[in-house]
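*Asks:* Provided below for reference: sequence and predicted model.
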Amino acid sequence: MTSKRIFLAHAKSDGEEALAAAVRAVRGAIEAARPGAPVEVTLGRDDWARRFKACGSWNVWCETVASGVHFLTREPNYHGIVVTSGNGRVGAATKRIVEIALANGKPVYRLDGASLVKVSGCRVLDPDDWKGGTLVL
C-alpha cells in the first residue's frame, strides 16, 4: 500500500514537544480512519528547509506544497494538508497553502485535539497580520 504523505502546517514558534504531539495525533486520526494505511507526516519547517531556497519565493513554495508533484512519478508531493492551529488562526503562508490545496481538490484538515476537522476555506480577519490574521473555516 502506498504511503499517504501529509504536510503539517504549524507555527514557526511551535516547540519540539508540541510538534511531536501533533504528528502523533495526525497519524492516530488517519490510522483510525484508514487502518493499515502507512502515513508520512512532514513538518512544515522541514519542507521549508529542504525546498524553499530552490523555490525562491513564498508563493512558489506554497504552490509546491499545495499542488506540487514529483517530476518523475507524477505523484503529489503531499496527499493532504493538516493545520495545527487550535484556534483556527493561521499566517499568510498557511492561508495560501490552504487556498491552493482546496482549489485543487486536495483535502485540508485542522487538528482539533486528537481529531481532524475538515477545512472548507479561509476568512481574512486582519490583512495586516501576517502571523495569524486568517481564520481557517
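*Replies:* Received, thanks.

*Asks:* what ranges do the helices span in this protein?
*Replies:* 16-33, 44-55, 58-67, 92-103 (DSSP state H).

*Asks:* To residue 84, which of those helices lies closest?
*Replies:* Closest approach to residue 84 among the helices of the chain (Cβ to Cβ): helix 16-33, 4.9 Å. C-beta here means a position set from N, CA and C on the backbone, and glycine is covered the same way.

*Asks:* now the angle between helix 44-55 and that closest one, please.
*Replies:* Here helix 16-33 points in a direction 100 degrees away from that of helix 44-55 (axes from the mean of the first three to the mean of the last three Cα atoms, to 10 degrees).

*Asks:* and the spatially closest residue to residue 89 that is not a sequence neighbour, how many residues sit next to it?
*Replies:* Once flanking residues are discounted, residue 89 sits nearest to residue 132: 4.2 Å by Cβ to Cβ, 6 or more residues apart in numbering. For residue 132, the count of nearby residues is 17 (other Cβ atoms under 10 Å).

*Asks:* how much space is there between residue 132 and residue 87?
*Replies:* Between residue 132 and residue 87 the computed distance is 8 Å (Cβ to Cβ, to the nearest Å).
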